[in-house]
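Q: Please work out how this folds:
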Amino acid sequence: MSLTEHAIGLNIARLIADGGTLQIGIGEEGDAAVHAMILRHRCNPAFVEAVTRLTGDAPPLPGEERAPFAAGLYGVSEMLVDGFLELIDAGILKRASTARWCMAGSSSAPDPSIAACARRRRTNSPASR
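A: Numbers count the residues shown, from 1 in each chain. Next up is the predicted model:
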């Protein structure tokens with residue numbers, strides 16, 4: 001991941017509202033955003049320092065947040081990317097929904113744990129054998 005992508009991730013992470021909804025896709029920008037959100041949550045002083053160095057004397061953006069995630073985030077996606085698992089493990093993607101579904105081929109079944117479902121699918125995938 002390049003410095004440019006890390007800078008993009010820091011800018012994304014400071015615009016994610018605590019209690020909001022997140023959708024990420026595959027790619028280095030998404031990976032950088034995940035990394036920066038985990039930094040914001042787990043090592044907040046380092047996150048604040050990195051953002052300050054990146055932005056200099058510029059005033060905060062409207063809606064900018066630099067504090068750790070207290071309420072957490074919802075996650076929505078057409079596919080469950082590894083970044084979602086990292087955010088679940090970090091305690092960021094934790095907001096409950098009334099309907100959680102794990103897609104399996106052409107059928108779907110309710111599952112009480114998105115992370116458990118995703119790990120099961122990753123463990124059972126042909127690539128992991």
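
Q: Next, the buried residues of the longest helix belonging to the chain.
A: With DSSP state H applied, the helix covering the greatest number of residues in the chain is identified as helix 28-42. Applying a neighbour-count criterion of 16 or more other C-beta atoms under 10 Å, one finds 29-41 buried in helix 28-42. Any C-beta I mention is one placed from the backbone N, CA and C, and that applies to glycine too.

Q: where does the protein have low pLDDT?
A: Scanning the chain for pLDDT under 70 picks out 96-129.

Q: ok, then the element right after the longest helix of the chain?
A: Sequence-wise, the next helix or strand downstream of helix 28-42 (DSSP states H and E) is helix 44-55.

Q: Now do that next one: everything it contacts.
A: Judged by C-beta atoms under 8 Å, 6 or more residues apart in numbering, the contacts made with helix 44-55 from elsewhere in the structure are 7, 10-11, 13-14, 36, 39-40, 66-68.

Q: again with stretch 7-27
A: Taking C-beta under 8 Å, 6+ apart as the rule, stretch 7-27 contacts 29-37, 39-40, 47, 50-51, 54, 61, 63-67, 69-77, 79, 81, 83-84, 87, 93, 95.

Q: tell me the strands in the protein, going along the chain?
A: For the chain, the strands defined by DSSP state E cover 21-22, 74-75, 101-104, 107-110.

Q: From the contacts of helix 44-55, list just the buried residues.
A: 7, 10-11, 13-14, 36, 39-40.

Q: JSON lines for those residues, including distance to Ile24?
A: As requested, the buried ones among the contacts of helix 44-55 are exported to JSON lines (distance: C-beta to C-beta, whole Å):
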{"residue": "Ala7", "distance to Ile24": "17"}
{"residue": "Leu10", "distance to Ile24": "15"}
{"residue": "Asn11", "distance to Ile24": "14"}
{"residue": "Ala13", "distance to Ile24": "11"}
{"residue": "Arg14", "distance to Ile24": "16"}
{"residue": "Ala36", "distance to Ile24": "12"}
{"residue": "Leu39", "distance to Ile24": "15"}
{"residue": "Arg40", "distance to Ile24": "15"}
